[in-house]
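Enquirer: Predicted structure and sequence below. I'll ask about it afterward.
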Amino acid sequence: MKNIWIIGAVLCAAWLGAAVAKDAAPEKAAAKAAEKSAAVSTNLLTELFDGHTLNGWKVIPFGNAGTVKVLSGGVLEIGAGEILTGLVYTNKPVTQNYEITLEARRTSGSDFFCGLTFPVGTNACTLILGGWGGSLTGISSIDYMDASENSTSASYKFDDNHWYTICLRVTTEKIEAWIDKDRIVNFEIEDHHLGMRAGEIEACMPLGFATYQTRGELRQIHLRRLAE
């Protein structure tokens, strides 16, 4: 009889162990899924500028352009040229469902200190910050109209030597842009033609930066993929 009790106890313990393991399996699976999700999320963020070199970028040979150089503190300086100064990203960029964030400031001049050219599917546009005397913001070009002419045109007071946080978001439905916490662009893409302003600025396609007769500085440039 004693042996029967021992055998029963062993079988009961084995059954309980299997039940606990079975209950723990979903928790382990969930933990592994969370780890995998975290790893994927990390891969969604791309550092576009390493803060030390121009790796991944090519300076555009605009006529009589200013200098482009990396300053201490992880700052990218785009100098003031006779007209345009700029650089283009040499790696293949994401073309849809992404955000680009950066900090930018104007150090001298009175026109745009950050012209961010960005892809929208198979097209490209430019976010203008500080154009036309230093205050114009908007997207060039929409329906063949520049930032000064289309519905995204707005005015923003930029102070020299002040860092502004810029966020550009591109989805299949919208182009949005923020300066600090102020949303300056909220444009629905459907039924509109998107493109570049004709001229030298097209050399910034599909992803690049330019200034116009103005010295600007950029830092902390990142791209984040968005869920479709």
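Expert: Cool, the structure landed. What you are looking at is a predicted structure, and each value in this text was computed from that prediction instead of being measured.

Enquirer: State whether residue 202 is indeed within a helix.
Expert: Yes - assessed by DSSP: H, G, I helix; E, B strand; the rest coil, residue 202 belongs to a helix.

Enquirer: count of neighbours near it?
Expert: Residue 202 is flanked by 14 other residues according to other CB atoms under 10 Å. For every residue, glycine as well, the C-beta is placed using N, CA and C.

Enquirer: What of residue 135?
Expert: Residue neighbour count, defined by other CB under 10 Å, stands at 14 for residue 135.

Enquirer: show me the contacts for it.
Expert: The contact partners of residue 135, taken as CB atoms under 8 Å, 6 or more residues apart in numbering, are 155, 156, 157, 158.

Enquirer: what about 10 Å?
Expert: By CB atoms under 10 Å, 6 or more residues apart in numbering, the contact set of residue 135 is 110, 129, 154, 155, 156, 157, 158.

Enquirer: how much space between residue 57 and residue 90?
Expert: Counting by CB to CB, to the nearest Å, the separation of residue 57 from residue 90 is 6 Å.

Enquirer: Comparing those two, which shows the higher neighbour count?
Expert: Using other CB under 10 Å as the criterion, residue 57 and residue 90 rank with residue 57 on top: 23 against 13.

Enquirer: Surely the more buried one and residue 87 touch.
Expert: Yes - with contact defined as CB atoms under 10 Å, residue 57 counts as touching residue 87 (4.8 Å).

Enquirer: Return every residue with contacts to both of those two.
Expert: Shared contacts of residue 57 and residue 87, counting by CB under 10 Å, 6+ apart, come down to 49, 68, 76, 208, 209.
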